[in-house]
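Asks: Okay, sequence plus prediction incoming.
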Amino acid sequence: MEEVVEAHARLEPATTLPAPLTEPLSELWALERTTGYPGYAHDLEWWPSIMPSHREVLAAHLLEYLPTSGDTEVLAALVHGEGPLGAATAGVIAVGMGHERRRQRAAAGDALITLAARGQLPAADLGAAVASLLQAGLLKLNRVTAVLEEVVMAGAHAEVWSVLAAALPPILPRQGHRPAPGLGDLLAVAVRAATLSGASADLEGLAELAARKGGSRVVEQARSLAQVVASGGSGG
């Protein structure tokens, strides 16, 4: 019988424990001991009400359960709270972006738009989370692309570019490697976001990809993106 191992994540929240706290409250800052199996819980939507001012701590708890529960509606309550944000919050949003159902992915997109509007999006962390999950085979690129495209259309193009500036370098194919399926569409979103935001950047691996022979969608979009970020968004 083939052994199936489901990947899941645990992140200790990188926040300072308020002091002094009684023992029942202090336990909220520590994740339960792992059993080696992904967690599962029903009705995650009420969880943010427990710690409305400590979003990153709550996100660290959610990260273990959200991949199996799929209850991405919790993200709305999470991002409307207070407190610092970081890798755990980015992780749960990335998980939501990769959900198989469009409605659940839309909830992640709405959360992203809310944080962008509030100037609170942990863009670099989100880009890193997306790249890591894609490399691990835990996200489908077309789902992520669709969410980011909708966020660009909502006006958060600068934030999407910041996410992609962090996500693209690890996932761009190096010499001798084939691009991931759907990468051309993601690069097209990056071109639009970079153009609208006037971005200028030197992304590792982009020039190499743009210099490849041929006229595939991936190569054509890589060339377009290289031109845009070299000219500060003007594309010429």
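Replies: Sure thing, it's come through.
Asks: Spatially nearest residue to residue 172, not counting backbone neighbours?
Replies: Nearest in space to residue 172, with sequence neighbours left out and distances taken as CB to CB, 6 or more residues apart in numbering, is residue 205 at 3.7 Å. All C-beta spots, glycine's among them, are computed from the backbone N, C-alpha and C.
Asks: Kindly confirm whether my reading is correct that the one you found touches residue 177.
Replies: No - Residue 205 is beyond contact range of residue 177, at 10.1 Å (criterion: CB atoms under 8 Å).
Asks: And those two? Which one has more around it.
Replies: Taking other CB atoms under 10 Å, residue 205 and residue 177 do not tie; residue 205 has more neighbours (16 against 8).
Asks: Phi, psi for that one please.
Replies: Dihedral pair for residue 205: phi 90, psi -10, per degrees, to the nearest 10.
Asks: Please identify the helix or strand for residue 165.
Replies: Following DSSP states H and E, one finds residue 165 within helix 157-171.
Asks: next helix or strand past that helix?
Replies: Helix 157-171 is succeeded, C-terminally, by helix 183-197 (DSSP H and E).
Asks: can you tell me how far residue 121 sits from residue 174?
Replies: Relative to residue 174, residue 121 is positioned 29 Å away (criterion: CB to CB, to the nearest Å).
Asks: More neighbours: the two, which one.
Replies: Neighbours per residue (other CB under 10 Å) separate residue 121 from residue 174, with residue 121 holding more: 27 against 9.
Asks: Surely that one touches residue 127?
Replies: No - here residue 121 does not reach residue 127: they are 10.4 Å apart, not a contact under CB under 8 Å.
Asks: what is in contact with the two at once?
Replies: 162-163 (CB atoms under 8 Å, 6 or more residues apart in numbering).
Asks: quick one: low-confidence parts of the chain?
Replies: The model of the chain has pLDDT under 70 over residues 1-53, 233-236.
Asks: if you set the cut-off to 90 instead, what comes out?
Replies: 1-78, 81-83, 175-176, 214-215, 231-236 (pLDDT under 90).
Asks: ok, which stretches of it are helices?
Replies: Under the criterion DSSP state H, the chain contains helices at 23-26, 55-69, 74-79, 87-97, 102-117, 123-135, 141-153, 157-171, 183-197, 206-210, 217-230.
Asks: Can you say which of those is packed in most?
Replies: helix 87-97 (a mean of 28; mean count of other CB atoms under 10 Å).
Asks: Would you mind pulling up the elements that that helix packs against?
Replies: Using 3 or more CB pairs under 8 Å, 6 or more residues apart in numbering; DSSP states H and E, the elements in contact with helix 87-97 are helix 55-69, helix 74-79, helix 102-117, helix 123-135, helix 141-153.
Asks: Would you convert these into a markdown table that also reports distance to residue 227?
Replies: Below are these laid out as a markdown table (distance: least, CB to CB, whole Å):
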| stretch | distance to residue 227 |
| --- | --- |
| helix 55-69 | 37 |
| helix 74-79 | 35 |
| helix 102-117 | 26 |
| helix 123-135 | 21 |
| helix 141-153 | 19 |
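Asks: one step back: what are the C-alpha coordinates of the helix holding residue 165, in PDB please?
Replies: Taking Å, rounded to 0.1, in the frame of the first residue of the first chain, the C-alpha atoms of helix 157-171 are listed here in PDB:
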ATOM      1  CA  HIS A 157      -1.600  46.800  -8.600                       C
ATOM      2  CA  ALA A 158       1.400  48.100  -6.500                       C
ATOM      3  CA  GLU A 159       0.700  45.500  -3.800                       C
ATOM      4  CA  VAL A 160       0.400  42.700  -6.300                       C
ATOM      5  CA  TRP A 161       3.700  43.700  -7.900                       C
ATOM      6  CA  SER A 162       5.400  43.700  -4.500                       C
ATOM      7  CA  VAL A 163       4.000  40.100  -3.900                       C
ATOM      8  CA  LEU A 164       5.200  39.000  -7.300                       C
ATOM      9  CA  ALA A 165       8.600  40.600  -7.000                       C
ATOM     10  CA  ALA A 166       9.200  38.300  -4.000                       C
ATOM     11  CA  ALA A 167       7.500  35.300  -5.500                       C
ATOM     12  CA  LEU A 168       8.900  35.200  -9.100                       C
ATOM     13  CA  PRO A 169      12.700  34.800  -8.500                       C
ATOM     14  CA  PRO A 170      12.400  31.400  -6.800                       C
ATOM     15  CA  ILE A 171       9.900  30.000  -9.400                       C
END
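Asks: Much appreciated, bye for now.
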